[in-house]
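>>> Predicted coordinates and the sequence they were generated for:
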Protein chains: 2
Amino acid sequence: MVTTPAFRRLPRAVREQQMLDAAVRVFSRHGYHGASMDEIAEKAGISKPMVYAYLGTKEELFVACLHREGTRMMEAIAGAAVPDLPADERLWRGLRAFFGFVGAHRDGWAVLYRQARAERAFADELTMMRARIVEVVAGMLDHALRAEGREVAETELEVVAYALVGASESLADWLADHPDADPEKTATRMMNVAWLGAAQLLHGHTWHPGMEGM
Amino acid sequence: MVTTPAFRRLPRAVREQQMLDAAVRVFSRHGYHGASMDEIAEKAGISKPMVYAYLGTKEELFVACLHREGTRMMEAIAGAAVPDLPADERLWRGLRAFFGFVGAHRDGWAVLYRQARAERAFADELTMMRARIVEVVAGMLDHALRAEGREVAETELEVVAYALVGASESLADWLADHPDADPEKTATRMMNVAWLGAAQLLHGHTWHPGMEGM
DNA sequence: GCGTAACCTTACGTACGAGTAGGTATGCTC
DNA sequence: GAGCATACCTACTCGTACGTAAGGTTACGC
């Protein structure tokens, strides 16, 4: 008696994606520690040893999730913020893509990101990803500055870029916690804070202690 | 034979503080889950049942840490940002106090910010604390706006405030990871981004889609 | 049609860490 | 200096979940 098995065998590449899908869902629901490999396997419709065979330990699995989702996000942003455009146009498109992505993956990306920050083991991975974005933003600012004949120390630039990226991350977090919020509007608000502040810097205005009330 | 005991008995209040000190250190080093009650007890120079007797379960212990560090931070900020000063002066003093606190209590900050965010169980506590800060910042902006006869929707204000708070948190995170960085300088940089951007808003300049390159 | 390799499973070892039972010493009060 | 409350300890239970050993099943090459 040959019963057609409910779930056919599938090639490795397909299963891996199913596992990653399940892992992202479970990790984002229960957190890194709260998630169990058993549940991930179950949600992926597969047994636990397969997960270990394909994606390795829990830690490696989480890194794989982080990597896939992070790459997707980077691609979404890179695809939108094409070079050879004015800096503000690029920034705007980049922000819109970023918030669009986060808005579309509320359960996935934002939560995964939050988890990664808490664990020392993933700090490096995270730092590298953020560094790439900060570099891009700093590059935009630098480009715009040079176009106006100004120049700013690299560290200075980096810290400002870091602040802008941080503000975006926080708004992304806020977005993830407010399901009915509009990503587009959020991006506009971020653009207001970022660009108006940056524009001031571009025009040589800086604030320093002792000039309060001016 | 009466050997003087190496560690004398201490009143409850003192031991509780020692336990909290140890807990903050351990939590910030290994994360909420990575930390073990045994290690916390050991670092506090006491045995585990005492921790349970005084501060309760692991979760309650963490909340106690969160509460103490959070209160300290709030007090540091509130003590600096006195009312009845111009908005920018208040913002500057608040920022300086904030970054000063983080610089001096890097462990406490790590617990508050990185660990508490990851765990759903502590999200509420965190959200409330942040909400209080956002409210204060939004109040500053609102005050400054009214002084100039302008008015902005409350939601708008809140999101901008949220972005500024987020940027500060990120820079604080950066500060925590760079032991040789100067809190004062970091505060100045944050002030630049925040206040120059906000000043633009105050003067009625806003950015909106479609005005790129202007 | 048959072997081989890849796919997939059940069932387990094991370690770690939260929380507790029950007992000992110390200092304070009268 | 007896009694009592409080500080404190050693040594244990027990659940949970990571990671694995060893064996069954399907597809595919030849």
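Great, that's in hand. None of these values were measured; they are calculated from a predicted model.
>>> for chain A, what spans make up the helices?
Secondary structure of chain A (DSSP state H): helices at A:12-34, A:37-43, A:48-55, A:58-80, A:87-104, A:111-118, A:123-147, A:154-177, A:183-202.
>>> Make CSV out of those helices and add mean neighbour count.
(C-beta placed from N, C-alpha, C; glycine too.) Output for these, formatted as CSV (neighbours: other CB atoms under 10 Å in any protein chain shown):
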stretch, mean neighbour count
helix A:12-34, 18
helix A:37-43, 17
helix A:48-55, 16
helix A:58-80, 17
helix A:87-104, 21
helix A:111-118, 22
helix A:123-147, 16
helix A:154-177, 22
helix A:183-202, 22
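>>> Nearest approach to B:Gly108 belongs to which of the ones you listed?
helix A:111-118 (15.4 Å; CB to CB).
>>> count of neighbours near the residue of chain A found nearest DNA strand C?
Distances between chain A and DNA strand C by CB to the nearest atom of the strand are smallest at A:Ser47, namely 3.0 Å. When neighbours are counted by other CB atoms under 10 Å in any protein chain shown, A:Ser47 registers 11.
>>> And it, how close does it get to A:Gly103?
The gap separating A:Ser47 from A:Gly103 is 35 Å, by CB to CB, to the nearest Å.
>>> how's chain A carved up into domains?
A:11-56, A:64-202 (automatic domain parsing).
>>> Now render the ones you listed as TSV, adding mean pLDDT.
Below are the domains of chain A laid out as TSV (pLDDT from 0 to 100):
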stretch	mean pLDDT
domain A:11-56	93
domain A:64-202	83
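>>> I'd like the helices of chain A as JSON lines, with distance to chain B appended.
Shown next, in JSON lines, are the helices of chain A (distance: least, CB to the nearest CB, whole Å):
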{"stretch": "helix A:12-34", "distance to chain B": "4"}
{"stretch": "helix A:37-43", "distance to chain B": "15"}
{"stretch": "helix A:48-55", "distance to chain B": "20"}
{"stretch": "helix A:58-80", "distance to chain B": "12"}
{"stretch": "helix A:87-104", "distance to chain B": "4"}
{"stretch": "helix A:111-118", "distance to chain B": "4"}
{"stretch": "helix A:123-147", "distance to chain B": "8"}
{"stretch": "helix A:154-177", "distance to chain B": "2"}
{"stretch": "helix A:183-202", "distance to chain B": "3"}
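>>> so which of these gets nearest B:Ala22?
Per CB to CB, nearest to B:Ala22 of the helices of chain A: helix A:111-118, 19.6 Å.
>>> what is the orientation angle of the closest one with helix A:123-147?
100 degrees (axes from the mean of the first three to the mean of the last three CA atoms, to 10 degrees).
>>> neighbouring contacts of helix A:111-118?
Helix A:111-118 is contacted by residues A:24, A:27-29, A:31-32, A:62, A:65-66, A:69, A:122-123, A:125-126, A:169, A:173, A:176, B:31-32, B:114-115, B:117-119 when judged by CB atoms under 8 Å, 6 or more residues apart in numbering or on different chains.
>>> how about a cut-off of 6 Å?
Here helix A:111-118 makes contact (CB atoms under 6 Å, 6 or more residues apart in numbering or on different chains) with A:Ser28, A:Gly31, A:Tyr32, A:Leu66, A:Glu69, A:Phe122, A:Leu126, B:Gly31, B:Arg114, B:Gln115, B:Arg117, B:Ala118.
>>> Closest one of these to B:Val136?
For those, the nearest to B:Val136 is B:Arg117 (20.2 Å; CB to CB).
>>> ok so, going back, can you list the domains of chain A in a markdown table and add distance to B:Pro183?
Listed next are those as a markdown table, based on distance: least, CB to CB, whole Å:
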| stretch | distance to B:Pro183 |
| --- | --- |
| domain A:11-56 | 31 |
| domain A:64-202 | 13 |
